[in-house]
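Chemist: Got a sequence here, can you model it:
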Amino acid sequence: MHRFSILIFLFIFSTSLHAQEKSVDVKYFSTLPNISIRALEVLNDSTVWFAANKGVWGYTENAGKSWHIDSIQYDGKAPQFRSIAVLNENTILLLSIESPALLYKTIDMGKNWKLVYTDTNKDIFFDCMKFVDAKHGYAIGDPIDGCMQLIETNDAGNTWNRVACTTLPAIENGEAFFASSNTSIALYGKKMWIATGGLKSRVIYQSQNNKSVQIQNPGILQGEKMGGIFSIDFYNNNIGAVVGGNYDKVDTSIESIFYTKDGGKSWTAFKTPIPYFGSCVQFMSENDFYVTSNSGTMMFDLKSKKSLELLDANQQKLKFNTLHISPSGKTIWLAGSAGRIAKISTHE
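Modeler: Purely as a prediction, here's the structure:
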């Protein structure tokens, strides 16, 4: 899907040791104050869906002027949703993280939900769900007995099947996936990249027919329980980026952003002018991508090798868990703690 470059590229980057800053047009929206949003999908410039803890989900069809917000209960308890997939304007899937893991589907914009998959293993913990097209999708969970929990669907999420452990690479002790922004899987064409973190952090390239596996080591932080890769995105078969670092510690010694131009065979660190932790990365074009986290939101330009920190009109940092860019490239949507959602307009 083609995305257009943001207008702020026209801004001249500084070579200062401090991050160059740029004020952007930001609109803030409040959903529910007691929820944390880590799953966000943008259908178009007007329609955005989110999923959160406490069983909460919601959407806007008018670019945030109004929001429809509801929730799902299961056996009197509220699932914690950290994954969402929007297949079209009517068809949405929600996946909760821990036992019993629950995967719901609606074909009428949430008027009715059907439970299409459950996992009651006491150790199950799902981190991410992604679809490559309207029928084919994957969801990944933390390893159990050394085997990543990968499930797939070929019928738009109506049925799900577990990928056999014998076709998957072994996961090392202390290695898992982060459910920080529903972006630990990147899909493009027939290719799938899976980002791991924890005591061992790497990228697992897995062809979608599960016949080809390649282990890639970007060079990001190793050996920390809350360190490693938190998010991955690919613009095409070759150009991709991973972000992360250490959730508990941010300093200049930690390289937290890496990119590739050869499908992950080799990775290069992107030097940041300030210490930075990355929770979610998304490409706008082949040359630029955006990252958000509790450190703020930044834009990175692969062509100039420069970065730009985005601030609102009050010069406040944009601290969020996840971000997604509209197909047109005209808006960047962000979501985070306290039910906050924000929209950056990239074209006037």
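
Chemist: Show me what counts as buried in stretch 180-193.
Modeler: For stretch 180-193, the neighbour count (16 or more other C-beta atoms under 10 Å) marks 180, 181, 182, 183, 184, 185, 186, 187, 188, 191, 192, 193 as buried. (Each C-beta comes from the backbone N, C-alpha and C, glycine too.)

Chemist: again but with stretch 333-345, I slipped
Modeler: 333, 334, 335, 336, 337, 339, 340, 341, 342, 343, 344, 345.

Chemist: nearest to residue 285, of those?
Modeler: Closest to residue 285 out of the buried residues of stretch 333-345 is residue 344 (15.4 Å), distances taken as C-beta to C-beta.

Chemist: Identify the bridge partners of the closest one.
Modeler: residue 26, residue 332 (DSSP bridges).

Chemist: ditto for residue 74
Modeler: Taking DSSP bridges as the rule, residue 74 bridges to residue 77.

Chemist: before we move on, the earlier item: ok, which pair from the buried residues of stretch 333-345 is furthest apart?
Modeler: 337 and 345 (22.7 Å).

Chemist: In a markdown table, list the buried residues of stretch 180-193 along with pLDDT.
Modeler: Shown next, in a markdown table, are these (pLDDT from 0 to 100):
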| residue | pLDDT |
| --- | --- |
| 180 | 96 |
| 181 | 98 |
| 182 | 98 |
| 183 | 98 |
| 184 | 98 |
| 185 | 97 |
| 186 | 97 |
| 187 | 96 |
| 188 | 94 |
| 191 | 92 |
| 192 | 94 |
| 193 | 96 |
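
Chemist: circling back to that earlier point, what is the nearest of the buried residues of stretch 333-345 to residue 151?
Modeler: Ranked by distance to residue 151 (C-beta to C-beta), these are led by residue 335 at 24.8 Å.

Chemist: Residue 318 is in contact with that closest one, correct?
Modeler: No - here residue 335 does not reach residue 318: they are 11.2 Å apart, not a contact under C-beta atoms under 8 Å.

Chemist: Now for the two: what residues contact both?
Modeler: residue 342 (C-beta atoms under 8 Å, 6 or more residues apart in numbering).

Chemist: Please, where are all the strands along the stretch 1-150 of the chain?
Modeler: Taking DSSP state E, counting those that start in this stretch, the strands of the stretch 1-150 of the chain run over residues 21-23, 25-30, 37-42, 48-52, 56-60, 68-71, 81-86, 92-96, 101-106, 114-119, 126-131, 137-144, 147-153.

Chemist: Throw those into a markdown table and include mean neighbour count and mean pLDDT, thanks.
Modeler: Shown next, in a markdown table, are the strands of the stretch 1-150 of the chain (neighbours: other C-beta atoms under 10 Å; pLDDT from 0 to 100):
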| stretch | mean neighbour count | mean pLDDT |
| --- | --- | --- |
| strand 21-23 | 15 | 91 |
| strand 25-30 | 14 | 96 |
| strand 37-42 | 26 | 98 |
| strand 48-52 | 28 | 98 |
| strand 56-60 | 22 | 98 |
| strand 68-71 | 14 | 98 |
| strand 81-86 | 26 | 98 |
| strand 92-96 | 27 | 98 |
| strand 101-106 | 22 | 98 |
| strand 114-119 | 16 | 98 |
| strand 126-131 | 24 | 98 |
| strand 137-144 | 23 | 98 |
| strand 147-153 | 21 | 97 |
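
Chemist: Rebuild those strands as CSV, extending it with distance to residue 227.
Modeler: Formatted as CSV, the strands of the stretch 1-150 of the chain follow (distance: least, C-beta to C-beta, whole Å):
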stretch, distance to residue 227
strand 21-23, 27
strand 25-30, 30
strand 37-42, 18
strand 48-52, 25
strand 56-60, 29
strand 68-71, 33
strand 81-86, 19
strand 92-96, 25
strand 101-106, 25
strand 114-119, 27
strand 126-131, 16
strand 137-144, 16
strand 147-153, 19
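
Chemist: nearest to residue 175, of the ones you listed?
Modeler: strand 137-144 (7.0 Å).

Chemist: For the closest one, which strands pair with it and how are they oriented?
Modeler: Here, using DSSP bridges, strand 137-144 pairs with strand 126-131 (antiparallel), strand 147-153 (antiparallel).
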